[in-house]
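1. Following is a predicted model, sequence given first.
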Amino acid sequence: MNARTIIITLAAVLFITNIAYAAQKEVLLKTTSTWDNVEYQKLKIKKPEVTVLKIDIGVNESLKMHKHDLVNIAYVKKGTLTVYTDKNEQITVKEGECLPEIVGKYHYGKNTGKEPVQLIVFYIGEKGTPLAVDK
């Protein structure tokens, strides 16, 4: 193999590799309100704390009725989840979707699909604020 062939071969490999591994972005959620259309208020956080939880919910299982006093977003990694409020409002989210959770209102989530639900939930609030308060 001559030098020119080697250079062309290396250039082709680099080109193909860059295409195969190029970073891709997709906006999963961009919002100024919770899922029930309540606008987020100006956040006054003196000492911010971020927590990320992985939550698994079995088929037909429900979480306890609870509320959040901080902002959180749930990403449904697997399954189908329906969230119900104590005022009979509801929303269903499926695999690959995000849910901007309600703040200060009691609610619970139930696995309404045919497989386990896996959530990745991102919380941001004042350090020491409980992630959830049971009813």
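-> Ah, there it is.

2. residue boundaries of the strands in this protein?
-> Secondary structure of the chain, counting by DSSP state E: strands at 48-57, 66-67, 71-78, 80-85, 90-94, 98-100, 107-111, 117-126, 133-134.

3. quick one: which of those strands is nearest A22?
-> strand 71-78 (23.1 Å; CB to CB). (Each C-beta comes from the backbone N, C-alpha and C, glycine too.)

4. on contacts alone, who are the packing partners of the closest one?
-> Applying 3 or more CB pairs under 8 Å, 6 or more residues apart in numbering; DSSP states H and E, we find strand 71-78 packed against strand 90-94, strand 98-100, strand 117-126.

5. Flag every buried residue along it.
-> Across strand 71-78, burial judged by 16 or more other CB atoms under 10 Å covers 71-76, 78.

6. Need the residues that contact it.
-> When contacts are defined by CB atoms under 8 Å, 6 or more residues apart in numbering, strand 71-78 is touched by residues 28-29, 40, 43, 81, 93-101, 103, 115-125, 131.

7. Please name the strands paired to that strand in the sheet, noting orientation.
-> strand 98-100 (antiparallel), strand 117-126 (antiparallel) (DSSP bridges).

8. ok so, going back, which one of the buried residues of strand 71-78 is nearest to V59?
-> K78 (11.5 Å).

9. Show me what the closest one bridges to in the sheet.
-> Q118.

10. Low-confidence ranges, the protein, go.
-> Under the criterion pLDDT under 70, the flagged ranges of the chain are 1-21.

11. thinking again about what came up before, is it possible to get JSON lines of the helices and strands packed on strand 71-78 that adds distance to L53 and mean neighbour count?
-> As requested, the helices and strands packed on strand 71-78 are exported to JSON lines (distance: least, CB to CB, whole Å; neighbours: other CB atoms under 10 Å):
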{"stretch": "strand 90-94", "distance to L53": "16", "mean neighbour count": "16"}
{"stretch": "strand 98-100", "distance to L53": "14", "mean neighbour count": "19"}
{"stretch": "strand 117-126", "distance to L53": "5", "mean neighbour count": "18"}
